[in-house]
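**Student:** here you go, sequence then predicted model.
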Amino acid sequence: MSHKIWKRPENLISGQEYAGNQLIAKAVSEKGFPAIIDEYVYIHPENVENTFKIIPNSSKFIHGIGIDLGGGVGCISSTLAKRKNVEKIYCIELVEEAVTMCQPIVKREILKENDNKVISVVGDFDDLNLENNSIDFAVSWDSMHHSMNLVKTLKECKRVLKKNGVFI
């Protein structure tokens, strides 16, 4: 699986939390899809679908090109990418092992032959390597607490979102 690599600050990839996530990603990737879901993200694709069904107008807003900030193993991105009106989603994750070892398994399981709809990115959501006004929607599922500078993160999201783009 190919993936993109964006800039990551050294201080974010040298701590205990990062090292722990590396170890977990390595261990669960060897066990396969069920372990990745049950031991790393603790949420199943059907739960993701059900959650987005209860968000008012989410089906109207989730279309075109999106970003998943702190996308982990790609469960949220892959589940949303199943929608016909979603062209692609950049799944941005800091932990390289989650991207290289887990995302291929998750994408293949959820999306089957359409796994190319999720673009795997090793990177930091404070430095989105995307054009201004190029994204239709942004999603963050339980990851904003990882931002080292929430204002910078939100400004970066605003920069890449189109005028009518939505952050969920």
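**Tutor:** Yes, it's here. Residues are numbered from 1 along each chain as shown.
**Student:** the residue positioned nearest the centre of the chain in helix, strand or coil?
**Tutor:** Against the mean C-alpha coordinate of the chain, by C-alpha atoms, centre = their mean, the closest residue is Gly71 at 2.2 Å. For Gly71, the assignment made with DSSP: H, G, I helix; E, B strand; the rest coil gives coil.
**Student:** distance of it relative to Ser14?
**Tutor:** To Ser14, Gly71 is 21 Å away according to C-beta to C-beta, to the nearest Å. Heads up, the C-betas are built off the backbone N, CA and C, glycines and all.
**Student:** which non-adjacent residue is nearest the residue nearest to the centre of the chain?
**Tutor:** Counting by C-beta to C-beta, 6 or more residues apart in numbering, Gly71 lies nearest to Cys91, which is 3.6 Å off, once chain neighbours are set aside.
**Student:** got the residue ranges for the strands in the chain?
**Tutor:** 4-5, 64-69, 86-93, 118-122, 135-139, 161-167 (DSSP state E).
**Student:** ok, which of those comes nearest Ala35?
**Tutor:** Nearest to Ala35, of all the strands of the chain, is strand 86-93, at 17.8 Å by C-beta to C-beta.
**Student:** what's the angle from the closest one to strand 118-122?
**Tutor:** Relative orientation of strand 86-93 with respect to strand 118-122: 20 degrees, computed using axes from the mean of the first three to the mean of the last three C-alpha atoms, to 10 degrees.
**Student:** pull up the pairing partners for strand 86-93, direction included.
**Tutor:** strand 64-69 (parallel), strand 118-122 (parallel) (DSSP bridges).
**Student:** the longest helix anywhere in the chain - contacts with which helices or strands?
**Tutor:** If you go by DSSP state H, the chain has its longest helix at helix 16-31. With contacts taken as 3 or more C-beta pairs under 8 Å, 6 or more residues apart in numbering; DSSP states H and E, helix 16-31 sits against helix 33-36, helix 96-97.
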